[in-house]
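A.B. asks: sequence and predicted structure below; questions after.
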Amino acid sequence: MIEETRAQETYEVLREAKRALDEESKLLAKVYNEPAIFEMEAQKIFQKTWVFLAHESEIPWPGDYVLRRIIDDSFIVARDEDGQIHVLFNMCRHRGMQLCRSDAGNASHFRCPYHGYTYKNTGKLNGVPFQKEAYGPEGLDKDEWAMTPAPKVGIYEGMIFASLDGDVQPLEEHIGDMGWYLDFYLKKSSAGMEVVGPPQRWVMHADWKLASENFIGDGYHTQSTHMSTIKAGIMRVKSPAYLKDGVQILAGSHGCLFMGFKPGSYFNYPQSIVDSMKESLNEDQVALIEENSVLPLNATIFPNTSLLHSSMSIEPGGRSVPYVTLRVWQPMGPGKMEVWSWCLVEKDAPEDFKRASNRSYLSTFGASGTLEQDDAENWSGTTRVAAGAMSGSHYLNYSAGAGQVDPIPEDEWAGPGTAYPKNYIDFAQRHFWQTYFDHLMA
Amino acid sequence: MIEETRAQETYEVLREAKRALDEESKLLAKVYNEPAIFEMEAQKIFQKTWVFLAHESEIPWPGDYVLRRIIDDSFIVARDEDGQIHVLFNMCRHRGMQLCRSDAGNASHFRCPYHGYTYKNTGKLNGVPFQKEAYGPEGLDKDEWAMTPAPKVGIYEGMIFASLDGDVQPLEEHIGDMGWYLDFYLKKSSAGMEVVGPPQRWVMHADWKLASENFIGDGYHTQSTHMSTIKAGIMRVKSPAYLKDGVQILAGSHGCLFMGFKPGSYFNYPQSIVDSMKESLNEDQVALIEENSVLPLNATIFPNTSLLHSSMSIEPGGRSVPYVTLRVWQPMGPGKMEVWSWCLVEKDAPEDFKRASNRSYLSTFGASGTLEQDDAENWSGTTRVAAGAMSGSHYLNYSAGAGQVDPIPEDEWAGPGTAYPKNYIDFAQRHFWQTYFDHLMA
Amino acid sequence: MIEETRAQETYEVLREAKRALDEESKLLAKVYNEPAIFEMEAQKIFQKTWVFLAHESEIPWPGDYVLRRIIDDSFIVARDEDGQIHVLFNMCRHRGMQLCRSDAGNASHFRCPYHGYTYKNTGKLNGVPFQKEAYGPEGLDKDEWAMTPAPKVGIYEGMIFASLDGDVQPLEEHIGDMGWYLDFYLKKSSAGMEVVGPPQRWVMHADWKLASENFIGDGYHTQSTHMSTIKAGIMRVKSPAYLKDGVQILAGSHGCLFMGFKPGSYFNYPQSIVDSMKESLNEDQVALIEENSVLPLNATIFPNTSLLHSSMSIEPGGRSVPYVTLRVWQPMGPGKMEVWSWCLVEKDAPEDFKRASNRSYLSTFGASGTLEQDDAENWSGTTRVAAGAMSGSHYLNYSAGAGQVDPIPEDEWAGPGTAYPKNYIDFAQRHFWQTYFDHLMA
Amino acid sequence: MIETSLETYWEVYSFLMREAELLDERCEREWLESCITEDVEYLMPVRENRERGEGTGFSDESFYFQETHGSLELRVRRLETEYAWAEDPPSRTRHFVTNVRVAGGDEDGEVAVKSNLLLYRSRGSDPTADLLSAERRDVLRREEDGLRLRRREILLDHSVVMTHNLSVFF
Amino acid sequence: MIETSLETYWEVYSFLMREAELLDERCEREWLESCITEDVEYLMPVRENRERGEGTGFSDESFYFQETHGSLELRVRRLETEYAWAEDPPSRTRHFVTNVRVAGGDEDGEVAVKSNLLLYRSRGSDPTADLLSAERRDVLRREEDGLRLRRREILLDHSVVMTHNLSVFF
Amino acid sequence: MIETSLETYWEVYSFLMREAELLDERCEREWLESCITEDVEYLMPVRENRERGEGTGFSDESFYFQETHGSLELRVRRLETEYAWAEDPPSRTRHFVTNVRVAGGDEDGEVAVKSNLLLYRSRGSDPTADLLSAERRDVLRREEDGLRLRRREILLDHSVVMTHNLSVFF
Ligand code: FES
Ligand code: FES
Ligand code: FES
Ligand SMILES: [Fe+3]
Ligand SMILES: [Fe+3]
Ligand SMILES: [Fe+3]
């Protein structure tokens, strides 16, 4: 419950911050770490828009479920006997006990420990102990007292989203133009993608937005932040500036970054997957890959879901092995988040490739990842120094490319949205912050 | 210092919540875990009404004292040389140092470490080092600078209460009709009750109200929450529904629950105590026990003090041994409390019975108690899932018995207050929440 | 961001508290521990006035730097190639990363790990990777994007201060009359003072003001708080009341306390230092020492910097060894601070004396100090019992000397400010609180 | 701590290690049956914060645990039901046993042992954990199948237990 | 925990102590070269909070570490560059290794060892620290220059890792 | 960590255990008189957070403890008065001593020992506790009545000490 006055004052600060961003390409550092702003984000963003919860392949069988959160709200994501997916608020309707207390499992019913109400994995109230004694001859209205589903649920290419706002726009609209680009991650195989086991989870004293803005378009940081992995031969690139050239995409509220690869190398994917990819992508998409030898590297789906497509070496001098990781930057409070990170592989990929791909992922972008580590150091450092009073008047530079670089003409770029022909520019990051301010001040 | 606007908005939320409870027997889950509401509880309940601090038998001798708290306020509960009991705010009047820093002891004076002011255990300022040098020839006005007593202190049958509000109603009025029922716990022996050693204390990430509402009348949870102890032969009952029948009492702001026992068994109390009980209780009370073979099981004295009267088995196949426990659900912050738990025994009970009774208590309702453990799991689980946004519109079912069960006609029930002839009903719990809202919105 | 209403209500509470102090020499205990008040302190005091950061001798060489804080704001205090000292907000201008992450070192440049911007230790932006690619042919305006210096920086006798308010009065004015008294600590040697190694740092759950008010003039507590060190022969004094006589000074927003020494003993300083001291102090100051055989013991520079001049025994029966300690009571939040403590020695003192002086300091006023320990116990105890509701109406006695003791006539005291001829009086502490309220309510 | 032979120490150490492993692997039944004597006394007294002059603050009346073999059996039986909600999902515990000291032996094949216990307890998806610190004063008896626990006093370093219940063994 | 000779225990204990010291002193290179076998398997599986009936919750697919000598070599090389920001300034770690248990030996000079690890990690000027708790299941192999780590499974007691990254070894 | 005989290890281990027990039982006087040499050096240097290239960050000028027998005597005397408020009521401490390593011996009957210390400290009715982590580098000397502490360096893993004072021994 954030009260009016406070909201009002925060609003003033944000309006000026928005102006500075729009007119001067500057960002007020305070937005990285301020309790009052965090409360607004919870209300205006995480209670309004779509938030990613789980991947369908985490619950392949009837009865499978996983436990997920939107900030502090706990949800059971379950597949019922008919294969239908349900997202249910994890609170009993009787006295509010947490119904499911394990991270994952398989169950047709959820039994509340407190008084024994049982619910089907569809959310339907199924059993009430001594119902007549407690609630009289008619007993309880089973429909009125069913579990509360998430106000809105949507699935996009295996990605399960929910929204706390029943009036949110359809998920398809929310994804919009970004879908064309997500295909490169999610439709790389006609068999579809699947997760490799349960997600890694770890806590970071860093603001969720730092991670989202980094993944939407920060190609520039790689030459400094990740230098150690280049020197050590983990990232096999010719020069630290390997990511200078590429394409930056703004699509709807989202965005991504294309990276080039040696023509014909396809990130070192096995031929079988390259073929499968070309088969499952559409003409334009295939043409783009073949002609430009580029693939999307990192992407952010507003607000806090990111994807990364990369290829790294696992052994000294070894060939780099490609992988895709999907991650959620789950806010835990001002300046604090829980990272959820999955590795996605092509369902029809050879087993040994799956294993190698997962190893390539975890050693570079898992919690122990040699690249992830340094990103975490940056984001937590930034959050730390933004905590004080100085950041309230400290403006940051988001001007790269502003007034210097023009979008690629529509007829020269097959994809939707806006495409910029470089990577060391801040268009996508400014776009993230504009979207952010639009939500906060709506 | 909760400020007006915030209080105002919280007030609106609470008014609608109150309406839903009164008209629809529903409770808004948010009240279980919300900082703004906790601030109001501190002000409107814990700074206004009576709160239990200690039992007289904890400080039997002149000079004995114990340290107690009302949320964050520390009080010394001391017995002076004349046997008089004093409740003194534990802050020196000079520079505010914590005067007493040990949980318990025996002292005629309290000496402040900082500058050496000494106070009698009556609170009287007794000594001021180098007084003339510091405060001139007259020195300090000893009366003006005495320790600050709790604004109001009262004792009911050995239970020492205090109130931070000097204008609170007399303790007798506050206890009111509930006294008739408390007698069954506190006057079980003409010799009176005494505590067994210092209280157990432990921290629970659970809202204090969940414990209070459970103890005021949740007979229904036993068949599910405590099933393991039935299966294991700790609770020696014929069926999980053992508590279905009984009597639920609403008395003043308080309430309790009666449980039946096998005629003549009297919870397995030694005959000497049964006789002593019948001697010290009044005619009506004795008649009730003898004719109905019932005793009060659990009770809550608003806001955060509960009593439990139970009988459990300590050894496999062993006879169950009766006990009484007194506990305080001390709020520590939103969704967090410190539990204080005592075992009460009859002063004149045989020593071996006292020991057995205490063992029966600690193995079932102490911090390691096999029943307590599962209550804690429920209350902390409920508090956890109530932390988010969903609980702000999530209503819980408190309708058991509503419009179904009528009170026992006055002429059929000897006790005061309102009595309902069943236990799987929510009258007492609804009553708790109505009392709660009345205080918050006063 | 503390919002208006809340500030308004806090303001009311403070106004009444100020009145009680002015008219009745009473202090409201709540000011020791209240979140809303802490927020005001951050804004009205720590973002407005001068705060001590470092001593020049901590960074003697070009390139030397130390990392310091004002509450949550991180600053690099660096000496550039020309010996010039700079105080720079430790946040990169690009994406806000913490530029310097080590407590101390020597560096001509600071390189940001995130994207590789490099800044000179003067704050000047020096290098931007791939600048043209990112920011176009002109690149960035190096001046606009330099590091942000602390709004105001000042140095007084080697003590480096900064202010977050560019319009703060000049440091000299802020120190004002106190300078005359600080000389006794800072100009004891014509060669000047230097720190002994890096500061001790430790966390205390105590309010910063309790330490400041203690050091400004609490001579009274020594006879009780530090009794153990007298008994143990650490503090070599004839009687517990050794500090009863002396002189209490109010100077500007600051103050200190004079303590007598056996004529000719000069706190047991080596003759060389006594000579050096007399040489570097002015006539009046020397006269004061020689005629009255007094030296300033403890002092506080408003708001949170204190000095102590003492002499303690390191070995059983050993002669006491003098030392000076400088400390900062760094607020970390309501009721919590980080203590920074340095030992200052005369640059030209014999090495063995320096070592002995430092040992005398650390064994009595370091984190393990036998006197410091008990001060910490008092301050944390006071803070703890001030957390609740009772302290909101609990007034403390600051009346010592009020209406009893008159200042020393100007012609009898050579120093500036106001001097009182005793130590067991509260003039300096009342003065501290009056200054405090003036700032909070400005 | 008295002088003792390395052999005795090793025997005792091995016993304490096996016991801790059984508890961390949630083998309460095996723990009870293979490590505990029939006449075991298993005690955890309540501790108060008292002045130095008044001793350690342990109560001889109030206990968090005051167990016999029979009452331990009941606790284990409860855990074996499918309704022991407090430990299902189970806590993730780690018994860090250090400072093992053989404190004495006596004629009837018993040996007194002191050890320090740091108990790490993590539950659910809560990234924070509970840490309990105690000294354990044990008496082990040599029976046909080796050492068993005859007596254990768990002396907490807490005056307020900072975990929400004591549903695990120490 | 199986019966083992004090000699074997001592040898194993000495190895684990040396190894922990090298890690706490940031000698990752020496650790890799003097303590690790060429064919090492170094694993830290992801752990989920699961119901008692479903086992320990460790995944056999997801890992925080799934290392070979080669991938450990790359991690060490990275730390040797001057750009390993996450560990420069380095974490101040302390490996508290307790409950060392020789769990078995086999023909080819290998010995299985279990130990409890409490890892204390402090960084920067942050007065709070991270505490990680785990059981380690090692296989040590006796090579010409003594014991080396052939296999290590780090079994965390966390379902959510409460530190911001895993940039140190366990 | 050097090769050492099990015998020496056992002697050293026994000493460290006895010493820790005395401290946790608040027997500071007995500790000083039975465990410490006349010429003891007892040091706890201040630690700064420094870049990897600049070493461990320990100062050779600033110390939290820089004690001789005489200054330790004064500290103990103070605790023996009835006015040592900071430790009355006393802290409840637990010295978890692990990773004991004999690091070397020299001709004049001295032996160098390293150990890890996790110090648990609980005070008053505060349910939260302080945890201090350090490596201790000791030199023990064999005197007529057994080993005594000749030198101790307490190397904290903290750059900011997270407890409100250092009123206990390490
Ligand atoms: S709370 Fe779920 S059944 Fe009562
Ligand atoms: S604060 Fe108690 S005597 Fe001064
Ligand atoms: S944040 Fe410093 S260079 Fe980008
Ligand atoms: Fe990155
Ligand atoms: Fe219950
Ligand atoms: Fe003092």
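C.D. replies: Perfect, thanks for sending it. From a predicted model like this one, the values you see are computed outputs, not experimental measurements. Ligands and ions are numbered 1, 2, ... in the order given.
A.B. asks: shouldn't residue D:20 be in contact with residue E:100?
C.D. replies: No - counting by C-beta atoms under 8 Å, residue D:20 does not reach residue E:100; the two are 11.4 Å apart. C-betas here are computed from N, CA, C, even on glycine.
A.B. asks: higher neighbour count, those two?
C.D. replies: Higher neighbour count among residue D:20 and residue E:100: residue D:20, with 26 against 21, using other C-beta atoms under 10 Å in any protein chain shown.
A.B. asks: got a list of what the more buried one touches?
C.D. replies: D:95, D:97, E:99, E:116 (C-beta atoms under 8 Å, 6 or more residues apart in numbering or on different chains).
A.B. asks: remind me which residues of chain A are low pLDDT?
C.D. replies: Chain A contains residues with pLDDT under 70 at A:1-6.
A.B. asks: what ranges does it have for its helices?
C.D. replies: Secondary structure of chain A (DSSP state H): helices at A:4-24, A:35-41, A:131-135, A:171-175, A:178-186, A:208-217, A:222-225, A:227-231, A:271-280, A:283-292, A:351-365, A:372-385, A:427-440.
A.B. asks: roughly how far apart are the closest residue to chain F within chain A and chain C?
C.D. replies: Relative to chain F, the nearest point of chain A is residue A:228 (12.1 Å; C-beta to the nearest C-beta). Computed with C-beta to the nearest C-beta, to the nearest Å, the distance linking residue A:228 and chain C is 10 Å.
A.B. asks: confidence score at the closest residue in space to that residue that isn't next to it in sequence?
C.D. replies: The shortest distance from residue A:228 to any non-neighbouring residue, by C-beta to C-beta, 6 or more residues apart in numbering or on different chains, is to residue E:83 (3.9 Å). If you check residue E:83, the pLDDT there is 98.
A.B. asks: find the closest residue to chain C in chain D.
C.D. replies: The minimum distance from chain D to chain C, using C-beta to the nearest C-beta, falls at residue D:52 (12.2 Å).
A.B. asks: double-check that residue against residue F:90; I have them as touching.
C.D. replies: Yes - counting by C-beta under 8 Å, residue D:52 touches residue F:90, with 5.1 Å between them.
A.B. asks: ok, these two, which is more surrounded?
C.D. replies: Counted by other C-beta under 10 Å, residue D:52 and residue F:90 do not tie: residue F:90 has more neighbours, with 19 against 15.
A.B. asks: are we agreed that that one is in a helix?
C.D. replies: No - Residue F:90 sits outside any helix when classified using DSSP: H, G, I helix; E, B strand; the rest coil, being coil.
A.B. asks: and the pLDDT at it?
C.D. replies: Value for residue F:90, per-residue pLDDT: 97.
A.B. asks: residues contacting it?
C.D. replies: Counting by C-beta under 8 Å, 6+ apart, residue F:90 makes contact with D:52, F:26.
A.B. asks: so how far is the helix or strand containing residue D:142 from its chain's centroid?
C.D. replies: Residue D:142 belongs to strand D:130-143 when elements are defined using DSSP states H and E. Relative to its chain's centre, strand D:130-143 lies at 4 Å (C-alpha atoms, centre = their mean, to the nearest Å).
A.B. asks: what strands flank it, and is each parallel or antiparallel?
C.D. replies: Take DSSP bridges as the rule and strand D:130-143 pairs in its sheet with strand D:110-122 (antiparallel), strand D:146-156 (antiparallel).
A.B. asks: among the helices of chain A, which comes closest to ligand 1?
C.D. replies: Nearest to ligand 1 among those is helix A:131-135 (10.3 Å), distances taken as C-beta to the nearest ligand atom.
A.B. asks: touching that closest one from outside, list them.
C.D. replies: For helix A:131-135, the surrounding residues in contact (C-beta under 8 Å, 6+ apart) are A:128, A:139, A:140, B:220, B:244, B:399, B:400, B:401, B:404, B:422, B:424, B:425.
A.B. asks: test my guess that the first one contacts residue A:141.
C.D. replies: No - counting by C-beta under 8 Å, residue A:128 stays clear of residue A:141, with 10.9 Å between them.
A.B. asks: surely residue A:417 meets residue A:248?
C.D. replies: No - the criterion here is C-beta under 8 Å, and residue A:417 misses it with residue A:248 at 10.2 Å.
A.B. asks: the more surrounded of these two?
C.D. replies: With neighbours defined as other C-beta under 10 Å, residue A:417 and residue A:248 compare such that residue A:248 has more, 28 against 19.
A.B. asks: so the nearest residue to that one once chain neighbours are set aside versus residue A:210, what's the distance?
C.D. replies: Closest residue to residue A:248 apart from its sequence neighbours, by C-beta to C-beta, 6+ apart: residue A:420 at 4.3 Å. Remark: distance between residue A:420 and residue A:210 (C-beta to C-beta, to the nearest Å) = 22 Å.
A.B. asks: higher neighbour count, these two?
C.D. replies: Between residue A:420 and residue A:210, residue A:210 has the larger neighbour count (other C-beta under 10 Å), namely 29 against 22.
A.B. asks: do you know how far the more buried one is from residue B:247?
C.D. replies: Per C-beta to C-beta, residue A:210 is found 60 Å from residue B:247.
A.B. asks: after whichever strand or helix holds residue D:43, which helix or strand is next?
C.D. replies: Per DSSP H and E: residue D:43 is located in strand D:36-47. Per DSSP H and E, the first helix or strand lying C-terminal to strand D:36-47 is strand D:58-67.
A.B. asks: that following strand pairs with which strands, and in what direction?
C.D. replies: Strand D:58-67 has the following strand partners under DSSP bridges: strand D:36-47 (antiparallel).
A.B. asks: next, the angle from the strand it pairs with to helix B:351-365.
C.D. replies: If you take axes from the mean of the first three to the mean of the last three C-alpha atoms, to 10 degrees, strand D:36-47 sits at 90 degrees to helix B:351-365.
A.B. asks: so what sits against both of residue D:52 and residue F:90?
C.D. replies: residue F:26.
A.B. asks: ok, the residue nearest to residue A:228 to residue A:373 distance?
C.D. replies: Residue E:83 sits 11 Å away from residue A:373 when distances are taken as C-beta to C-beta.
A.B. asks: for the residue of chain D closest to chain C, give me its contacts.
C.D. replies: F:26, F:87, F:88, F:89, F:90.
A.B. asks: burial count for the residue lying closest to the second one once chain neighbours are set aside?
C.D. replies: Closest residue to residue F:87 in three dimensions, ignoring its sequence neighbours and counting by C-beta to C-beta, 6+ apart: residue F:167, at 5.2 Å. The number of residues packed near residue F:167 is 26, by other C-beta under 10 Å.
A.B. asks: pretty sure residue F:167 sits against residue F:88.
C.D. replies: No - judged on C-beta under 8 Å, residue F:167 makes no contact with residue F:88 at a distance of 10.2 Å.
A.B. asks: by neighbour count, which of the contacts of residue D:52 wins?
C.D. replies: Neighbour-wise, the contacts of residue D:52 (other C-beta under 10 Å) top out at residue F:89, 22 neighbours.
A.B. asks: okay, now residue A:151: neighbour count?
C.D. replies: Residue A:151, neighbours per other C-beta under 10 Å, totals 17.
A.B. asks: report the contact partners of it.
C.D. replies: For residue A:151, the contacting residues are A:162, A:163, A:164, A:165, A:166, A:168, by C-beta under 8 Å, 6+ apart.
A.B. asks: what bridges to the first one?
C.D. replies: It stands for residue A:162. The partner residues for residue A:162, given DSSP bridges, come to residue A:51, residue A:153.
A.B. asks: distance check, the residue nearest to residue F:87 against ligand 2.
C.D. replies: 20 Å (C-beta to the nearest ligand atom, to the nearest Å).
A.B. asks: cool, and residue A:346?
C.D. replies: From residue A:346 to ligand 2 the distance is 72 Å (C-beta to the nearest ligand atom).
A.B. asks: next: residue A:151.
C.D. replies: Counting by C-beta to the nearest ligand atom - residue A:151 and ligand 2 are separated by 56 Å.
A.B. asks: now do residue A:249
C.D. replies: 66 Å.
A.B. asks: can you report how many residues neighbour that residue?
C.D. replies: Using other C-beta under 10 Å: residue A:249 sits among 29 other residues.
A.B. asks: thanks a lot, see you next time.
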